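Visitor: sequence unknown, structure follows:
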């Protein structure tokens, strides 16, 4: 009888170990399945934080214009956030980094990359007038991959205004410059739309993020906003600057 009880106890213990192993296996699967959603949540939070930073930067640009009658020029360098004291000789000279020290804004996005900034020279070199023509454009991709204008047009004029300034982040992947001023490599040969944003200096692209290397324009995770000419002029008129 004791032997019978021993076998029963032995079987009971074995069954309990098997159950425990199954439970641990299920828990491991659940934890493994949670890793991706957690990473995705972190990415979403980072994009939201960066969008907030970009929006605050745009507001600061408007505030600067209200006080000074013009928009600031890009930062002196990747490590000096003061507005460049030298007027922009061309469009390329008016594309660089946000002058964070002059504006008092956050200089990096949620991934620690410097915020990029491109401004129409006519809006940054002298006081803005009703006849000042903006020359930055923003495009996107339609459902078949064709570039279409979100802001601006092929030809900019006083009656068909383009964009005075563009502010953007290179996103989590590819391109960018660190807080210390180190340029990050592209890391891709297929992200043509991100390449275009990195190069500028007048035409920019904003579209839905994608990791597809075969999508038209390639992978894309840049975040971009722009300052409307109408919004800026209205604020300047309200402030008595125009």
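Guide: Yep, it's here. As the structure is a computational prediction, the values presented were derived from the model and not from experiment.

Visitor: Let me know the pLDDT of the closest residue to residue 225 other than its chain neighbours.
Guide: Leaving aside its chain neighbours, residue 225 sits nearest to residue 54 (4.9 Å; criterion: CB to CB, 6 or more residues apart in numbering). Yep, even glycine has a C-beta here, placed from its N, CA and C like the rest. What the model reports for residue 54 is a pLDDT of 97.

Visitor: Where does residue 54 fall, secondary structure wise?
Guide: helix 2-68 (DSSP states H and E).

Visitor: hmm, back to that, need the contact list for the residue nearest to residue 225.
Guide: Shown in contact with residue 54 (CB atoms under 8 Å, 6 or more residues apart in numbering): 109, 115, 167-169, 223-225.

Visitor: Identify, from the residues you listed, the entry nearest to residue 206.
Guide: residue 224 (4.2 Å; CB to CB).

Visitor: Residue 149: how many residues sit nearby?
Guide: By the measure other CB atoms under 10 Å, the count of residues near residue 149 is 12.

Visitor: dump the residue contacts of residue 201.
Guide: Residue 201 touches 91-92, 94-95, 118, counting by CB under 8 Å, 6+ apart.

Visitor: and if you look at residue 192?
Guide: 217-218.

Visitor: Quick check: it vs residue 206, distance?
Guide: Plainly put, residue 192 is 14 Å away from residue 206 if you go by CB to CB, to the nearest Å.

Visitor: just residue 59 next, same as before
Guide: 19 Å.
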